[in-house]
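S.K.: Here is a sequence with its predicted model. Questions after.
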Amino acid sequence: MNTAFLGLLQLLLLLLPPSLRDYLWAAPSDHGVGQQLQVYHPIILSAGISCPVLEARLTDAYTPSLPRCGELKGKGWFPLWNSKQDLVDHDYVSCFEEQMSLVFDPVTNDYRNRPGVETRVPGFGSAYGFSYKDDSCPFCCNVKLRDELETLGYRDGDTLFGAPYDIRHAPPQPGHPSKVYSDYFARVKDLVQNASAMNGNKPVIFIGHSFGGKLILDFVNSTPLPWRKKFIKHLVLLSPTPPTGFMEVVTNLASGPSCIHFDAAPHLALRTMWWSFASSLLSLPSPMVFAHEPLIVTKHRNYSAYHYPDFLAAVGFSMEGMLPSTKLALPTNLSVEAPMVPTTYLSGVGIQTIKQVVFWDGDFDVYPENVYGDGDGVVNWNSVLVFANELKRQHSSENILFKFIKIPNVTHSEIAIQDNSLKIIMAEILEANS
């Protein structure tokens, strides 16, 4: 390498904050070795929608559809969503579907569990409160990121925390209350304040991936501006699911959830369960991004971002105990609210991502043919750009830091796993700590 260039590179590195400079200059094998941050800002992690654990308890009010589904009645808390293999080995997949499902209550205008089913999310407050549900991805759910932070000196329950959530519910929206998420946001607020108090009143750094990134944004935007400016140092968003929408939300409604599936079960086995989740309707592709472009194509008609009630009726979504289509919070008049605290947004790009699905015969019980565009394999790139540009516009108007970093050829699920993208993420975290 040119000697003059190396000299210039060394000079530029000297201008960086010490922790960031040391991290970038180190060889990959040296990351974390002998490095200790001089200033710890507490970090709170939030992972993707497949990562939180859910426990259940069955009371006498529970009436199982199959005798084996009631065998744990009266036996206390048990892991309902923690291990795919356990569910298969115990022939519990159909029971899992029944006990995970929610019911829309028109009296409270909110979602609740089925009668006799109680649920809770264990591990709140711990960075270990997230886990992948099989052995196919041991570093998913921020595990590799967490390990990297621990090699730098972060410690769970001291400087490192986690905020797992109930994947089935959705944050409150105008006209759509959510007791579960109102309570969750209150717990997150307490967690932030306690983490700050434990660390010399330093403000916290939030790191959220995928749906966890969306929840962080929703939480921050639910707090008063003076509070967030006092307690939040920086947001690091890793491929957050954007309110501008993405096509996987549509394919999950049509064909069942990609984030919860079993190789031994038919691909439609969990579709009805997924429909019962309030979260299943979040981030539908917005007309502000996708306009009148056909998203779902059939022989007799097409469906755009303006046609969700018709599409949901066509797939059979309107069923007893589910949210009536007249109450759907459609993304027609979507507005993007920026967090107004320093934010770094990182996203993969250059990966084939579904932009249109074709059910030519109008049969939504079969796999569609897919048409692909650009993105990170999950979130469409056009939606990422609209969302990121709007966040940047709002932050710039108040002179608040906003960085948007695109990482070529890294997927949605591996952004915090692949070495090259993880190194970029760690550099941003270290810079935020400076």
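M.R.: Looks like it came in fine. These figures come from a predicted structure and were not determined experimentally. Residues are numbered from 1 along each chain as shown.
S.K.: shaky segments in the stretch 251-400 of the chain?
M.R.: 318-334 (pLDDT under 70).
S.K.: which residue packs closest to the residue nearest the centre of the chain, ignoring adjacent ones?
M.R.: With distances taken as C-alpha atoms, centre = their mean, Phe211 lies nearest the centre of the chain, 1.3 Å away. Once flanking residues are discounted, Phe211 sits nearest to Ile49: 3.9 Å by C-beta to C-beta, 6 or more residues apart in numbering. Heads up, the C-betas are built off the backbone N, CA and C, glycines and all.
S.K.: what about that neighbour, neighbour count?
M.R.: Ile49 has 22 neighbours, counted by other C-beta atoms under 10 Å.
S.K.: Which residue ranges of the stretch 201-350 of the chain form strands?
M.R.: Listed in chain order, the strands of the stretch 201-350 of the chain (DSSP state E, counting those that start in this stretch) span 204-209, 232-238, 296-297, 302-303, 343-349.
S.K.: Quick check: can you name the pairing partners of whichever helix or strand comes after the last one and their directions?
M.R.: Per DSSP states H and E, the first helix or strand lying C-terminal to strand 343-349 is strand 353-358. In its sheet, strand 353-358 lies beside strand 296-297 (parallel), strand 369-373 (antiparallel), with partners assigned from DSSP bridges.
S.K.: Of all the residues in strand 353-358, which ones are buried?
M.R.: For strand 353-358, a neighbour-count test (16 or more other C-beta atoms under 10 Å) marks 353-357 as buried.
S.K.: who's in contact with it?
M.R.: Under the contact criterion C-beta atoms under 8 Å, 6 or more residues apart in numbering, strand 353-358 has outside partners 246-248, 250-251, 254, 293-298, 368-381.
S.K.: just how off-centre is that strand within its chain?
M.R.: 21 Å (C-alpha atoms, centre = their mean, to the nearest Å).
S.K.: next one: stretch 394-404
M.R.: Stretch 394-404 sits 23 Å away from the centroid of its parent chain (C-alpha atoms, centre = their mean).
S.K.: in this protein, which spans are helices?
M.R.: 3-14, 18-25, 84-89, 93-100, 143-151, 179-198, 211-221, 225-231, 248-255, 271-275, 287-290, 308-315, 381-397, 419-433 (DSSP state H).
S.K.: re earlier: let's see the PyMOL selection covering just the buried ones among the contacts of strand 353-358.
M.R.: For the buried members of the contacts of strand 353-358, the matching PyMOL selection, counting by 16+ other C-beta under 10 Å, is:
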select buried, resi 246+247+248+250+251+254+294+295+296+297+298+368+375+376+377+378+379+380+381
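S.K.: Tell me if I'm right that Tyr362 and Ala314 touch.
M.R.: Residue 362: Gly, not Tyr. Yes. Using C-beta atoms under 8 Å, Gly362 makes contact with Ala314 at a distance of 7.4 Å.
S.K.: More neighbours: which of those two?
M.R.: Higher neighbour count among Gly362 and Ala314: Ala314, with 18 against 11, using other C-beta under 10 Å.
S.K.: Look up how far Tyr306 lies from Trp360.
M.R.: 21 Å (C-beta to C-beta, to the nearest Å).
S.K.: go on, Phe364?
M.R.: Using C-beta to C-beta, Phe364 is found at 19 Å from Tyr306.
S.K.: More neighbours: which of these two?
M.R.: Neighbour count, other C-beta under 10 Å: between Phe364 and Tyr306, Phe364 has more, with 19 against 15.
S.K.: Could you double-check that the more buried one lies in contact with Val315?
M.R.: Yes. Between Phe364 and Val315 there is a contact under C-beta under 8 Å: 4.6 Å.
S.K.: got any residues that touch both of these two?
M.R.: Ala254.
S.K.: and Gln99, what does it touch?
M.R.: By C-beta under 8 Å, 6+ apart, the residues touching Gln99 are 56, 58, 69, 80, 114, 117.
S.K.: Also Ser50?
M.R.: By C-beta under 8 Å, 6+ apart, the contact list for Ser50 reads 132-133, 140-141, 167, 259-260.
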